[in-house]
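>>> quick one: sequence and predicted model below, then my questions.
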Amino acid sequence: MPLRSGISIMKIITCPINGPRPLQEFHFGGEVRTMPDPNSATDEQWADYVFNREGEPGLKREWWYHVPSGTWFIAERDNRTDEFVRTFLYGAEECDG
Amino acid sequence: MPHRLLKFALSKKHPEPRMFRAPTELKSEYDAVIIGGGGHGLAAAYYLAKDHGITNVAILEKGYIGGGGTGRNTAIIRSNYLTPEGIRFYQGSVELFQDLSRELNLNLFYSKRGHFTLAHSPASLRTQRWRAEVNKHLGIDSRVVTPEFIKETVPEIDLHVGGHQAPIHGALYHPPGAVARHDAVAWGYARGADRRGVEIHQRTAVTDIEIRDGAVAGVHTDKGFIKTRKVLSAVAGWTTHITPMVGLRTPLVIHPLQAMVTEPLKPWLNSIVVSASLHLYVSQSSRGELVAGASLDPYELISMRSTLDFAEGMSTGLLDLFPCLGDIKVLRQWAGLCDMTPDFSPIMGVTPIKGFYIDAGWGTWGFKATPISGKTMAFTMAEDRDHKLIEAFSLSRFKRLELVGEKGAASVGH
């Protein structure tokens, strides 16, 4: 991510609580998925939830974890350019992170 | 330069021989279309022509042949896997590789080296013993060896890993472990397929796949539409570009994996050395460069960029293992795309779409499978049913919850 000077030094992710921090402080938590109701889901729906992923190129909604502060949050990221479009806490979709 | 040699070089009478033709136009119809001109796609075309007499085949490659995973791996060949299904499959590949230079009439620099998977803890040693016993049961030359044996075979190794990591407790030793020149594998299969009539179209991208009544009807490319009833997707790290075209959901996620080579050295490292704890594997190529690869990058990305994190981590691990490399320079680093499956086994065979065959999920283990994957996918396309060796790798295994867990046999902890 370019800094104010426009020089790209290191990969920076904006934690919704702690602000811009280097990539090395974060852990990737995978795609945001909605769990089907285990009591009513068919075996096929359940297997689809457990295994299948939206692996195609594009803008993705993912879980990320800021390790030092123990913060889980959601990031919208382009998996082709590695650009973080926005980050926000779970349930805070409306606020811009 | 002698005048005679210069005259010969400039003479049109002796053109540089090409490995294969470069057809300019696509035909309107093919018996089969293979997407992806990597080792797997080229091998599938070769065996379709050779074993099954199907030669009206087009290979469509968006870039140039062997430019993806085929040219970006660390060229290691082995069959010391963990599951009987995996072992039988990869052993089939090792056996084909051993005779491949002769079959393709091209020197693939196939070089049997011996393969060490180091264990840095009693728990790791237990996994290696498990692998060794399953391997032996299936006739694979594989055994657990002591630190003394490792030191004797690779005297340059520091068994205490610089004191920064847990010391080496032993290793799984697989004498048939080998390396080969990966580009040559692609070129050899390309030439073999081309000579049997297969057309290789480079710089031809697939834009969509036409499905009618649940069956493949053709392929749209940036050079026009082609009619065909059989399509093989053999694009590994690019598979998730293709599967949405046919509406197929898969567990595949793409991670980059980075590797690097050092400046060339005189031959000193005969063995292939793998350390799961240090996240590295290293061997010396026929050119003398040390080829070293890491584990996957820690998050999903469909991009082949390199990082300083990787170069630092890899150098640290290499120095802990081989302190003698302190003055050696890194020549270059690069990344490849790995289409990862949850169980570290590939996804191969027929799909719910008639005429659409998949050869994917090649993660970090694709190069060694090139010959056997080509052979079994050619059978699968010709017969329209899965070859016996790949039945366990069907996409439907996830629906049936019948995974083929090979994570314990992946070269490094991913």
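That came through fine. Residues are numbered from 1 along each chain as shown, chains lettered A, B, ... in the order given.
>>> check which residues of the strand or helix carrying residue B:127 are buried.
Element membership for residue B:127, per DSSP states H and E: helix B:122-137. Going by neighbour count (16 or more other CB atoms under 10 Å in any protein chain shown), the buried part of helix B:122-137 is B:124, B:125, B:127, B:128, B:131, B:132, B:134, B:135. Where C-beta positions appear, they are placed from N, C-alpha and C, glycine not excepted.
>>> how close does the residue nearest to residue A:52 when sequence neighbours are not counted get to residue B:21?
With CB to CB, 6 or more residues apart in numbering or on different chains as the criterion, residue A:52 has its nearest non-adjacent residue at 4.5 Å, and that residue is residue B:249. According to CB to CB, to the nearest Å, residue B:249 stands 38 Å off from residue B:21.
>>> the two: who's more crowded?
residue B:249 (15 against 12; other CB atoms under 10 Å in any protein chain shown).
>>> for the more buried one, give me its contacts.
Applying CB atoms under 8 Å, 6 or more residues apart in numbering or on different chains, one finds that residue B:249 lies in contact with A:48, A:52, B:243.
>>> how near is it to residue B:351?
11 Å.
>>> got any ranges where the chain has weak pLDDT?
If you meant another chain, say so; for now it's chain A. Chain A contains residues with pLDDT under 70 at A:1-9, A:94-97.
>>> oops, wrong one, chain B.
Using pLDDT under 70, the flagged stretches of chain B are B:1, B:411-414.
>>> for chain A, what are the nearby residues on it?
Counting by CB under 8 Å from any CB of the partner chain, the residues of chain B close to chain A are B:239-241, B:243-244, B:249-254, B:298-303, B:305, B:309, B:339, B:342, B:398-399, B:401.
>>> among those, which are in helices?
Counting by DSSP state H, the residues of chain B next to chain A place B:239, B:240, B:241, B:243, B:244, B:309 in helices.
>>> OK, contacts around the closest residue to the second one other than its chain neighbours?
What that stands for is residue B:240. Excluding the flanking residues, the one nearest residue B:240 by CB to CB, 6+ apart is residue A:55, at 3.9 Å. Residues near residue A:55 by CB under 8 Å, 6+ apart: B:239, B:240, B:243, B:250, B:251, B:252, B:253, B:254, B:300, B:339.
>>> how about those in JSON lines, adding neighbour count?
Output for the contacts of residue A:55, formatted as JSON lines (neighbours: other CB atoms under 10 Å in any protein chain shown):
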{"residue": "B:239", "neighbour count": "26"}
{"residue": "B:240", "neighbour count": "23"}
{"residue": "B:243", "neighbour count": "23"}
{"residue": "B:250", "neighbour count": "22"}
{"residue": "B:251", "neighbour count": "21"}
{"residue": "B:252", "neighbour count": "27"}
{"residue": "B:253", "neighbour count": "22"}
{"residue": "B:254", "neighbour count": "26"}
{"residue": "B:300", "neighbour count": "21"}
{"residue": "B:339", "neighbour count": "27"}
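>>> closest residue of chain A to chain B?
residue A:28 (3.5 Å; CB to the nearest CB).
>>> if we can go back for a sec, between the ones in helices among the residues of chain B next to chain A, which is nearest residue B:149?
residue B:309 (33.8 Å; CB to CB).
>>> contacting residues for the closest one?
So residue B:309 contacts residue A:24 (CB under 8 Å, 6+ apart).
>>> on that earlier part again, can you tell me the SS state at the residue of chain A closest to chain B?
Under DSSP: H, G, I helix; E, B strand; the rest coil, the three-state class of residue A:28 is strand.
>>> which residues in the stretch 1-150 of chain B form helices?
B:3-10, B:39-52, B:84-98, B:100-104, B:122-137, B:147-153 (DSSP state H, counting those that start in this stretch).
>>> my guess is residue B:293 meets residue B:259, correct?
Yes - counting by CB atoms under 8 Å, residue B:293 touches residue B:259, with 4.0 Å between them.
>>> overlap in contacts of the two?
B:73, B:74.
>>> what parts of chain A come near chain B?
A:24, A:27-28, A:31, A:43-44, A:47-48, A:51-53, A:55-57, A:60, A:62, A:79-82.
>>> buried members of these into PyMOL, please.
Entered in PyMOL, the line below selects the buried ones among the residues of chain A next to chain B, by 16+ other CB under 10 Å:
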select buried, chain A and resi 28+47+48+51+52+53+55+56+57+60+62+79+82
